[in-house]
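*Asks:* Dropping the sequence and predicted coords here.
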Amino acid sequence: MSPSSPSEQVPVCWDDGNPVSITVGTPWLVAAQMLGHTIPTGCLYGSCGACEIEVNGHVVRACVSSVWGDKGSLKVGLATDPYW
């Protein structure tokens with residue numbers, strides 16, 4: 001992608017909310033804030049797991065991951081971890 005081309009957007013839906021277009025490459029912590037959610041954090045290095053979210057059924061550590069492009073929308077929710 002050239003610097004002058006528009007940034008790729010992907011629809012992101014938190015739980016059952018309405019989809020919002022988010023730029024691919026946006027950190028998940030920022031994307032959550034844009035969608036009105038706060039993701040709990042611990043170490044901010046991806047090792048503690050406090051920031052785990054589920055994106056289309058895949059567990060992602062939000063502090064070290066960003067929004068990726070997909071052919072459809074991304075459905076996001078907090079990961080269900082009994083220890084957090």
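*Replies:* Looks like it arrived, so ask away. Numbering: from 1, shown residues only.

*Asks:* tell me the strands in the chain, going along the chain?
*Replies:* Using DSSP state E, the strands of the chain run over 9-14, 20-23, 52-55, 58-61, 74-78.

*Asks:* and residue 38, which of those is closest to it?
*Replies:* Residue 38 lies closest, by Cβ to Cβ, to one member of these: strand 74-78, at 10.1 Å. For the C-beta atoms, the positions are set from N, CA and C on the backbone; glycine is no exception.

*Asks:* what does the average pLDDT come to for the closest one?
*Replies:* Strand 74-78 shows a mean pLDDT of 90.

*Asks:* cool, stretch 19-31 as well?
*Replies:* Averaged across stretch 19-31, pLDDT comes to 95.

*Asks:* what sits up against that stretch?
*Replies:* 7-13, 34-35, 39, 41, 51, 53, 55, 60, 62-63, 65-69, 73, 76 (Cβ atoms under 8 Å, 6 or more residues apart in numbering).

*Asks:* now it, how far from the centre of its chain.
*Replies:* Averaged C-alpha coordinates place stretch 19-31 at 6 Å from its chain's average position (Cα atoms, centre = their mean, to the nearest Å).

*Asks:* Please apply the same query to stretch 69-84.
*Replies:* Stretch 69-84 sits 7 Å away from the centroid of its parent chain (Cα atoms, centre = their mean).

*Asks:* which parts of it are buried?
*Replies:* For stretch 69-84, the neighbour count (16 or more other Cβ atoms under 10 Å) marks 74-76, 78-79 as buried.

*Asks:* is the closest residue to residue 19 other than its chain neighbours in a bridge, and if so with what?
*Replies:* Leaving aside its chain neighbours, residue 19 sits nearest to residue 11 (3.7 Å; criterion: Cβ to Cβ, 6 or more residues apart in numbering). Here residue 11 sits in beta bridges with residue 21, going by DSSP bridges.
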